[in-house]
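J.: Whatever this is, show me its structure:
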Amino acid sequence: MYMNYFEGVSAMNTKSLRRLTLALASLVLTACSTVQSGGADVHRGPAFPASILPNQKHADVPSNPARRTMQSGVDAIVAGDAKRANHVFTLALAHDLKSPGLHAANALAYQLRTRAGERDMFILAETGYLIALEQRHDFQSAALQLTRLYLENKRYQQAQRAAAYVLGLDASNIEALYLLSSASYYLGDVDLALWAIEHARDLAPLDKLGARMIPAIYGAAGLTKEAEAFI
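T.: Model (predicted):
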C-alpha cells in the first residue's frame, strides 16, 4: 500500500533534466583534469582545446569547439534524442578523454536510453559515471546520477554505496539521503532507511517528498501510529 510514496525519488522531470544537463555542460569547461608529473598528481586548468589560450577574453569562449559540441549534445538530450547526444559526446571524447563533464553527460544520455528500454545501455551509463568520478572524485552530480541509475535498475546495494559516496562528499545532501533511504527500504534494511529519512527530515522538515516517503518507512519499521500521522 505504500509503494506509490516512492514515485519520483529517482525520476527526473524536464526542468530538473535541463538543469542537470546545463550543469554538466559548464563542467566540460571548468572541471580540472589530473595528470602525472614527477610521481605526484598535478591539477591543470579548464579543459579547453589547445587552440583556446588561458588569457583569451571571456567573450571568445562561447565560440570554442568544446562549448559548441557540448551545447549540441545538451540540446539533443533536452529534445529527447539521447542517441544523437551519445553520438555527439562520443566524438567529443575522441578529442578529450580527460573531461569528467563529457563522460558524465555521455553517461546521462546512455541512462536515458536505458530508461527508454535499451537495457544493454546500462553498462555504458555506469562506466561513464565511474570514469567521470575517477577523473574527478568530488563530482557530486555524477555520483548522484550513478545512484539514480542503480536505483532505477534495482541494483539496490550498489545504490546504497553510491549514495553513501555522495554523503561522504556532502553529509547534508538531501537527495542522497532520499536515495539511500529508498535503496535501503527496498533491500529490507529498515534501520538504515529510517536513519536516512529522519536525517533528511531534520535538514528539510517541510519537504514534501520526504513526507511522502516517511509512511512507508515508518510502517516497515513497525511505527504504525507515526506512519498514519504522516499519511
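J.: Am I right that residue 194 is in contact with residue 214?
T.: No. If you go by CB atoms under 8 Å, residue 194 and residue 214 don't touch, sitting 9.3 Å apart. C-beta coordinates here come from the backbone N, C-alpha and C atoms, glycine included.
J.: what about those two, which has more around it?
T.: Using other CB atoms under 10 Å as the criterion, residue 194 and residue 214 rank with residue 214 on top: 24 against 19.
J.: any idea which helix or strand carries the more buried one?
T.: For residue 214, the host element (DSSP states H and E) is helix 208-220.
J.: Which strands and helices lie in contact with that helix?
T.: helix 174-187, helix 190-203, helix 224-230 (3 or more CB pairs under 8 Å, 6 or more residues apart in numbering; DSSP states H and E).
J.: What are the buried residues along the shortest one?
T.: Read it as helix 224-230. For helix 224-230, burial by neighbour count (16 or more other CB atoms under 10 Å) applies to 227, 230.
J.: contacting residues around it?
T.: Outside helix 224-230, the residues within contact range by CB atoms under 8 Å, 6 or more residues apart in numbering are 211, 214, 215, 216, 218, 219.
J.: For the closest residue to residue 215 other than its chain neighbours, give its distance to residue 207.
T.: Once flanking residues are discounted, residue 215 sits nearest to residue 227: 4.4 Å by CB to CB, 6 or more residues apart in numbering. As judged by CB to CB, to the nearest Å, residue 227 and residue 207 stand 17 Å apart.
J.: Can you tell me the SS state at residue 68?
T.: Secondary structure assignment for residue 68 (DSSP: H, G, I helix; E, B strand; the rest coil): helix.
J.: Around it, how many other residues sit close by?
T.: The tally of other residues near residue 68 (other CB under 10 Å) stands at 12.
J.: Model confidence for it, exactly?
T.: At residue 68, the model reports a pLDDT of 79.
J.: try residue 165
T.: Reported pLDDT for residue 165: 98.
J.: Now the helix or strand containing it: buried residues?
T.: Here residue 165, judged by DSSP H and E, is contained in helix 156-169. By 16+ other CB under 10 Å, the buried positions in helix 156-169 come out as 156, 158, 159, 160, 162, 163, 164, 165, 166, 167.
J.: what does it rub up against?
T.: 133, 138, 140, 143-144, 146-147, 150-151, 173, 175-177, 179-180, 182-184, 186-187, 189, 192.
J.: Try it again at 6 Å.
T.: 138, 140, 143-144, 146-147, 150-151, 173, 176, 179-180, 183, 186-187 (CB atoms under 6 Å, 6 or more residues apart in numbering).
J.: Can you give me the pLDDT of the spatially most central residue of the chain?
T.: Centroid-nearest residue in the chain, with CA atoms, centre = their mean: residue 145, separated by 2.1 Å. pLDDT for residue 145: 93.
J.: what separates it from residue 165, distance-wise?
T.: The gap separating residue 145 from residue 165 is 12 Å, by CB to CB.
J.: Now the common contact residues for those two.
T.: In contact with both residue 145 and residue 165: no residue, using CB under 6 Å, 6+ apart.
J.: Only the buried residues of stretch 200-220, if you could.
T.: Buried residues in stretch 200-220, counted by 16+ other CB under 10 Å: 200-201, 204, 209-220.
J.: Please identify which of the residues you listed is nearest to residue 81.
T.: residue 209 (29.2 Å; CB to CB).
J.: I'd like the distance between that closest one and residue 182.
T.: 10 Å.
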